[in-house]
Each structure stands twice: as structure tokens, then as C-alpha cells.
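Student: Provided below for reference: sequence and predicted model.
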Amino acid sequence: MSDTSSRATSSFGSQARRATVELLSSMRFAIALLTVICIASVIGTVLKQHEPAVNYVNQFGPFWAQLFLALKLNAVYSAWWFLLILAFLVVSTSLCVARNAPKYLADLRTYKENIREKSLEAFRHRAEADVRGNPEEAAQRLGKLLVTGGWKVKLQQRDTAAGKGWMVAAKAGAAHKLGYIAAHSAIVLICLGGLFDGDLIVRAQMLFGDKTPYTGGGRVSDVAPEHRLSERNPTFRGNLMVAEGTQSSTAILNQSDGVLLQELPFAVELKKFIVEYYSTGMPKLFASEVIIHDKHTGEQTAQRIEVNHPAHYKGVEIYQSSFDDGGSAVKMRAVPMDGTGKPFMVEGVIGGTSEFTRTGAGRGNADDTLTLEYTALRTINVENFGAAKGAGALASATDVRKVDLKSAIDARLGAGHKTTTEKELRNIGPSIGYKLRDASGQAREYQNYMMPVDTGDGNPVFLLGVRDNPVDAFRFLRVPADAEGSMDTFLRLRVALADPALREQAARRYVATAVDASRPDLREPLMQSALRALEMYAGTTDDAGVKVGGLQAIARFMEQNVPEAERSRASEVLVRILNGVLFEMAQSLREKNGLKPMENDAQTLAFMTQAVFSLSDAQFYPAPMTFMLDDFTHVQASVFQVTRGPGKNVVYLGCLFLILGIFAMLYVRDRRLWIWLAPAGEGSSHATVALSTNRQTMEGDKDFAMLTEKLIGAQPIARRPGASE
């Protein structure tokens, strides 16, 4: 009983193993794996990889972002399940090759000369005829003809009832079988190369070598050894950033939950970074002149690294990936936007921070402290101002009342680079990017341009950008530049609006110039209207305790107090009064500061028009001050991608095998030819010719007809229904 149970268990185990091997080596299993890999590759191509988690939350929402991160869709090609599928594909294809390659190789060595003569009658390609000479002479002659045609031939003598017969067995196109082996082996090699050059070895070190990703900050030299990989690491792919005049020997390997530091056997020193731009502001060329310092020998090697022209050193390839700021020194002027505090200067470096209070430089209460983070310095900003000229952006809109067939055709024909909108590319100068972080850790991002920008209307403005989230576009406050090229006049206007005494003084100046001396009865009503308009524009607190000012306050007043039929005329009058009072206020402030009064011309009109809009929008500016770039010392940094990929050569070999294998399978026909020669009387033999091929084509039929005509001088016999190879 026990012996029977043991044999049954052994039989079940062997059957399970055979079934497992059969499944792994089957074509349907390999195709299923390839399908999953293709789907995963599509996801990895469409979905941006290795982005910060907050970017996925902003783009897809918390639920989908959490699902993507759980499935590692943010790092598809290094995900454990993707590597596992690759490993199974390697096993499956290897088993398939191991099962079939011996049969194919054995088939290459055999001529199948033992086939029975009766079996030749069942072939699709068949021909019969009498040939001269006895069977041996005919076999020798036909064998030589086949050899000259590129066939490999083997002769066999057989005894028959009519005498001795000869079988001529020939084969051609044996490389077709080798193509199958080469193509399947190529899949194994390419997958192995991908596994070698992927994160498999790094993950193995994290799993078995006590290596963990680093999630903190600080200096690279302070990172503990458990976050560092040895310079003998056989495969890695990381980023190395080097600023001009410095050197680095530690690459950063990004992981989904942190970074790993990869020690290099050399240090890269950046002597000079070279960048050239197109007229569009896009980089045309960026290259790095570097010196590679060998850690062990001290040897120094000078090289130039460009895009698509990497440097090679000790099995490590150094690619020019991009460029960045290398810690530029910036000097900025803090300008109060709310009328409180005094301007002050701050200095820092890109990537650094400074702390100050809301009222000025220095430290104050903890709840009043702001942290200034210097994030970016851009020395070149090329923008398109073509839409700002002529008809402007509205010109690109479609006018449904007009059908101009000629213009429509001309816009779509001609040179491939032609566009339907005019382009005027202009460099508007440097800009500074920074973040202001409060004591609770909340931060907003700002971008300010160093010089005023003429947006096309002849009135230069300072662009002050702000956004709450990194995925949002910047929203810009346009502050008009005065005759001195500064925004001091605008800032003085904003401070004066908050002073009732200065508002009254400006209103009296306006009334004195606007009312004729013969109509003194109009002065007091106009004075009250001007003061009321200034008060609303400066800002008042509504019943809910919210301060509302600017043009929004005037619009609300009109909606609540003026009938709808009269709002258009009343608002026009009120805005005209407001513009006049603000003009007199600006003139008074300039006189008080010893500046030349503004001329009453078109440029002043454009300045005051923009000032009215900007003062209205300034109430929504979220920071108590803005930081204007005053001076900078630009320091470039080069970003290199350093790789050590032993699997690259394996992948190249696999690609070569794949090309040869596919070519052999598609363009090489595996053909077998048999000629049975039987005695047919004195000095003659009866020949039966049959051909077997792996691909049935019309060209193959013609080739067989030509072959039989050459060998035995006969045409093929019409195939019978049901005939096979």
C-alpha cells in the first residue's frame, strides 16, 4: 500500500513538473508574456516616469495617484513585476530553445535518404520520367548537377525486385532552422541584457546587501555608507551634476522612495561649460570641457563631452544630459507691496535660503518669519511677441462672416516651416525664481523679471509672476514702469491711496483743474464724488468683514446703487474721475520727491491706464513684498548621465542574432529533394522526383518546374486532391 502511494505521489510530481515545463516552454505562454510587456511599455511611454508623487496627485487625483504608486506605474521599467515578467520570458524562451534546438540541429545533419519510394507519390511537388543510364550512372550525374546548383547531396543504394536502385537525397536552405534558433536566442539575450542593465542588481544589493535609499538632505559627504554603492558595482545608471570650477565623484541613482549614491572610480572636474542658443531661445549646442581625475593613479585626462558624443573611462560612459544652475550668486532688492516696511537688500545663491520677518530683514517672532528659497536664475528668456502687433491675438481667430479661400489655401501650402501667425522673438532679459515659505511650511512660487518688458503697446511693465502649485502656470501682475524705468511711482501711489489726507489733497487738485472758475457750485459735488471713488478704490470693509477695493469695489457699488439702464454712463464718469484724481496724486508725489512732472501725452495716458489696472490687481498679490533681481554672478553646472552597462554588448549581440534570424526565417526556404532511380531496361532508369518546402509560393512552383526540366526533362505532375508534403 505504501509502495503504491509512493509511486502515485512520484508519478503526480513528475506529471506536475512535465506540465509546468510544457507550460513555460509553450508558445502561447511566451506570447502572453510579450503582450503584457508591450502593454507595460505603452504605459511607461505615456505616463511620465520618476516624477515627484505630488505631480501625480495634481494630475490624476489622490485615488489614481495612490493606485499608480502602488502598482509602480511611475517606474514601470524598474518595477518588480516588470522584471519578474522579463525573467519568466527568459526562462520560457530558453526552455523553448532547449526543447527544439537539438531536433533542428539533428535535422540539419540528416538528409532523410531512408524515405520510402512509395511515399514520394504523396508529395505536392512531384515529377516522373525515364532518364538515360543505369540507376548508378544517373544518380552520379544528377547528384553532380544538384551540387553545382548549391544543394547538398547524399546517395543511397537499395536492393529492389527489379535490381539495384539509387536514392538521391538533397537539401538546401538549412539556415532557415538556424534562423529559428537565432531569433529565439536573440529574445533571451536582449532580455538578459535588459535585466543586467536594469535595476535588478541594484535591487539585489538593497535586498541582500543592507542598502537602503536615502530620503534626507544635506551634504553628500555626510550620507551614511548604507546608502552608498561601491565603485565595483557592475551596473548602474545615474546623474552627476558638476558646477564650473568644481569636481564630483558621486552619482545619484533615483529610486521610487529616495536616492542611492554611486561612488565612481574617478572624479569629473568641469573646466568650462559651453552653451549656444537658437533665435527661439532653445539650446542649439551645449558641451562640457572636463578633466577626469583617476582616484587610484592620479592620472588626469582632458575630454570634451557633447550630446551624442560621450566620454568613456574605465568601462563607464559619461553622457551630456542637460545643464543647470551651479549655485549662481544673486543680489535682490526686497520691495514692500503693501505700503509697509522699507526696502532692503538680500544676497544668496541658487539652491540656498534666507530668513527674515514680514517687516524687513532680520529675525522677529516665529509666526512672522518668512523663508526665502532661491530656486532658479534664467539669464535668457525668449518670448514670442508677434501676436501683440497689428491686429494682435484676435487676428488669429476665425471670422465666420468672411470666407477667403485664397488666404486659406496660402496658409496651408508652401514651405513646411511656414506658420499662419507672425512671430517676433525677443529676449526680455534675466528672471529670478524663488519661493516664500511661511512658518507653517506653506509656500508659493514667484518669478520676477529683472527689467521692464514692452508687451507691444509701448508701455513697459515689470512682470511679477506667482503660482500656488508647480503644475499651474504663472499669473503675472503687470506693474507699469515710470519715466525713470522703475516702479517707484506705482509704489508711491499705492501707499498714498491708504492715506486719507493724501486722497483729499489729490481730490482737491483734481477739482481745481477740472471745474471752471465760473461754476463754483460744481466743486463740492465733484469733490465728494472724487473722494468716494478714491475711498472705494483704496478699499473698504463690507458687512462680512472682507476688505474689497480696486475696480471690483466700484463695480459692486454700481450694481447695488445705480439702475441697470444708467450703469454704463455712470461707470464711465466715475472711472474718468478716478483716473484724473490718480493722475493728480501721481504728479503731487513726484513733485514731493523732486522728480519732473509727467507730460500730458499718450505715454503718460498709457502709464496711468496700466497703473489703474495694476493698483486694482495688486490687492490680490499674496506676498507682503516682492524681490527684484538687482545683480547676479552666473555659475553654470553640467548634468551628466554616467552609466556602466555590461548588458549593452549582450543586447547588441541579441540584436544581431535577431536580424539574422528574422532574415533567415523570412527569406531562406528550407527545401528537401528526393530522386528515386529504378531500373527501366537496358541503359535507362525511371526517375521519380519529389520536393518538400516549408513555404508554398507561386515562385516555388516555378522553381520546381525549372528544376525537373533541368534534371529529368519533364514537367511536374498535377497535384492530386489531398496531396501533402
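Tutor: In hand now; what should we look at?

Student: CA only for contacts and neighbour counts going forward, please
Tutor: Will do.

Student: How about residues contacting stretch 673-689?
Tutor: 113, 117, 120, 126-135, 138-139, 162-171, 690-692, 708, 712 (C-alpha atoms under 8 Å, 6 or more residues apart in numbering).

Student: So among the residues you listed, which ones count as buried?
Tutor: Neighbour counting over those (16 or more other C-alpha atoms under 10 Å) leaves 113, 117, 120, 126-131, 133-135, 138-139, 165-171, 690-692, 708, 712 as the buried ones.

Student: from what I can see residue 380 touches residue 429, true?
Tutor: Yes: using C-alpha atoms under 8 Å, residue 380 is in contact with residue 429, at 5.6 Å.

Student: Show me the common contact partners of these two, please.
Tutor: By C-alpha under 8 Å, 6+ apart, no residue touches both residue 380 and residue 429.

Student: Low-confidence ranges, the stretch 251-400 of the chain, go.
Tutor: 256, 280-281, 338-340, 358-368, 386-400 (pLDDT under 70).

Student: Break down the stretch 351-500 of the chain into its strands, ranges please.
Tutor: 353-357, 369-378, 382-384, 425-427, 431-437, 443-449, 453-454, 460-467, 475-480 (DSSP state E, counting those that start in this stretch).

Student: Give the rounded mean pLDDT of the shortest one.
Tutor: Put plainly, it is strand 453-454. Per-residue pLDDT values over strand 453-454 give a mean of 86.

Student: Next: the fourth one.
Tutor: When pLDDT is averaged along strand 425-427, the result is 79.

Student: in it, what's buried?
Tutor: Buried residues in strand 425-427 (16+ other C-alpha under 10 Å): residue 426.

Student: follow-up on the earlier one: any chance of TSV for the strands of the stretch 351-500 of the chain, columns distance to residue 277?
Tutor: Formatted as TSV, the strands of the stretch 351-500 of the chain follow (distance: least, C-alpha to C-alpha, whole Å):
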stretch	distance to residue 277
strand 353-357	30
strand 369-378	13
strand 382-384	10
strand 425-427	11
strand 431-437	17
strand 443-449	20
strand 453-454	21
strand 460-467	24
strand 475-480	26
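
Student: out of those, nearest to residue 316?
Tutor: Counting by C-alpha to C-alpha, residue 316 lies closest to strand 369-378 out of the strands of the stretch 351-500 of the chain; the figure is 30.8 Å.

Student: For the stretch 1-150 of the chain, give me the ranges with low pLDDT.
Tutor: 1-13.

Student: quick one: the helices in it?
Tutor: In the stretch 1-150 of the chain, the helices defined using DSSP state H, counting those that start in this stretch lie at 2-24, 27-46, 53-60, 62-70, 80-109, 135-148.

Student: what's the answer for the stretch 401-550 of the chain, then?
Tutor: Under DSSP H, counting those that start in this stretch, the stretch 401-550 of the chain gives helices at 405-412, 488-497, 500-514, 523-538, 550-561.

Student: Export those helices as TSV, with columns for mean pLDDT, mean neighbour count and distance to residue 65.
Tutor: Shown next, in TSV, are the helices of the stretch 401-550 of the chain (pLDDT from 0 to 100; neighbours: other C-alpha atoms under 10 Å; distance: least, C-alpha to C-alpha, whole Å):
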stretch	mean pLDDT	mean neighbour count	distance to residue 65
helix 405-412	48	11	42
helix 488-497	89	19	44
helix 500-514	88	19	53
helix 523-538	86	20	44
helix 550-561	84	16	39
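
Student: Residue 224 is nearest to which of these?
Tutor: helix 488-497 (51.0 Å).

Student: Contacts for that closest one, please.
Tutor: 337-339, 479-482, 502-503, 534, 538, 582, 585-586, 589-590, 611, 615.

Student: nearest to residue 228, of the helices of the stretch 401-550 of the chain?
Tutor: Per C-alpha to C-alpha, nearest to residue 228 of the helices of the stretch 401-550 of the chain: helix 488-497, 52.7 Å.

Student: Okay, angle between the closest one and helix 500-514 too, please.
Tutor: Here the directions of helix 488-497 and helix 500-514 differ by 110 degrees (axes from the mean of the first three to the mean of the last three C-alpha atoms, to 10 degrees).

Student: Not counting its neighbours along the chain, what's nearest residue 210?
Tutor: residue 226 (6.6 Å; C-alpha to C-alpha, 6 or more residues apart in numbering).

Student: mind listing what the one you found touches?
Tutor: Per C-alpha under 8 Å, 6+ apart, neighbours of residue 226: 210, 211, 212.

Student: Local confidence estimate at the last one?
Tutor: It stands for residue 212. 89.

Student: Run a quick neighbour tally on it.
Tutor: Using other C-alpha atoms under 10 Å, residue 212 has 20 neighbouring residues.

Student: my guess is it contacts residue 204, does it?
Tutor: No: at 11.2 Å, residue 212 and residue 204 do not qualify as touching, with contact defined as C-alpha under 8 Å.

Student: I'd like the next helix or strand past the helix or strand harbouring residue 252.
Tutor: Using DSSP states H and E, residue 252 maps to strand 247-255. Next helix or strand after strand 247-255 toward the C-terminus (DSSP H and E): strand 258-277.

Student: and that next one, how far from the chain's centre?
Tutor: Between the centre of strand 258-277 and the centre of its chain there are 21 Å (C-alpha atoms, centre = their mean, to the nearest Å).

Student: From the contact counts, what lies against it?
Tutor: strand 228-229, strand 236-243, strand 247-255, strand 283-294, strand 636-644 (3 or more C-alpha pairs under 8 Å, 6 or more residues apart in numbering; DSSP states H and E).

Student: who wins for proximity to residue 108 among those?
Tutor: Once the helices and strands packed on strand 258-277 are compared by C-alpha to C-alpha, strand 636-644 is nearest, at 40.0 Å.

Student: What mean pLDDT does that closest one get?
Tutor: 91.

Student: could I have it exported to CSV, CA atoms only?
Tutor: Below are the C-alpha coordinates for strand 636-644, written out as CSV (Å, rounded to 0.1, in the frame of the first residue of the first chain):
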residue,chain,number,x,y,z
GLN,A,636,26.8,77.1,-14.9
ALA,A,637,26.6,73.5,-14.0
SER,A,638,26.6,70.5,-16.3
VAL,A,639,24.4,67.4,-15.7
PHE,A,640,25.9,64.2,-16.9
GLN,A,641,24.4,60.7,-17.1
VAL,A,642,27.0,58.1,-16.0
THR,A,643,26.3,54.5,-16.9
ARG,A,644,28.1,51.2,-16.6
